[in-house]
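**Q** Attaching a predicted model along with its sequence, questions to come.
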Amino acid sequence: MKSPGGVALPEIKGNWFKYMMDRDQEWLLKELLKPGEQVLHKITDCRIKDIYPGKTHRSPVGVFVATDKRVIFCIPKISGEFQVEDFTYDQVASVGICKTPYFSGCVDFLAGDVKKTVFWINPKSDAEEMIRVIRDRVKMLKS
């Protein structure tokens with residue numbers, strides 16, 4: 001499995017049922033992280049939706065992680081695999097509160113032509129913290 005940047009990702013296919021049954025993402029995070037990489041903020045049990053014209057589908061429960069090096073989206077697929085996408089901070093075009101109101105926290109994310117909405121974030125302050133962490137990292141790269 002490869003990320004959009006072509007980086008090889010760990011094979012986590014066999015653990016799909018484990019993820020779906022116990023929702024314990026610590027083992028999943030260990031699989032996703034590169035050696036020496038640190039988690040700055042994580043949101044688990046949120047909904048992650050790809051946004052582009054003509055795309056309609058269910059928004060599965062996933063994991064949204066900001067590390068010291070990149071932003072990671074991990075979504076379980078019905079096929080028993082995980083869809084993992086990661087973006088370095090220099091790829092992030094924008095991140096902010098959703099324009100569409102949700103009753104919970106919600107984040108709009110844009111990197112290149114990839115647009116995602118992450119919602120059902122509880123507590124709502126987790127969404128605000130994720131936005132702050134990502135913006136701080138992007139700003140740090142530019143300075």
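**A** Happy to help now that I have it. Residues are numbered from 1 along each chain as shown.
**Q** And the strand ranked longest in the chain, what does it pack against?
**A** When the chain is parsed with DSSP state E, its longest strand is strand 39-50. Applying 3 or more C-beta pairs under 8 Å, 6 or more residues apart in numbering; DSSP states H and E, one finds that strand 39-50 contacts strand 61-67, strand 114-121, helix 124-142. C-beta: built from backbone N, CA, C; applies to glycine.
**Q** in stretch 134-143, what counts as buried?
**A** 134, 137-138 (16 or more other C-beta atoms under 10 Å).
**Q** Save these as a markdown table, and put in pLDDT too.
**A** Converted to a markdown table, the buried residues of stretch 134-143 look like this (pLDDT from 0 to 100):
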| residue | pLDDT |
| --- | --- |
| Ile134 | 98 |
| Arg137 | 97 |
| Val138 | 97 |
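**Q** Nearest to Cys98 among those residues?
**A** Checking the buried residues of stretch 134-143 against Cys98 by C-beta to C-beta gives Ile134 as the nearest, at 14.4 Å.
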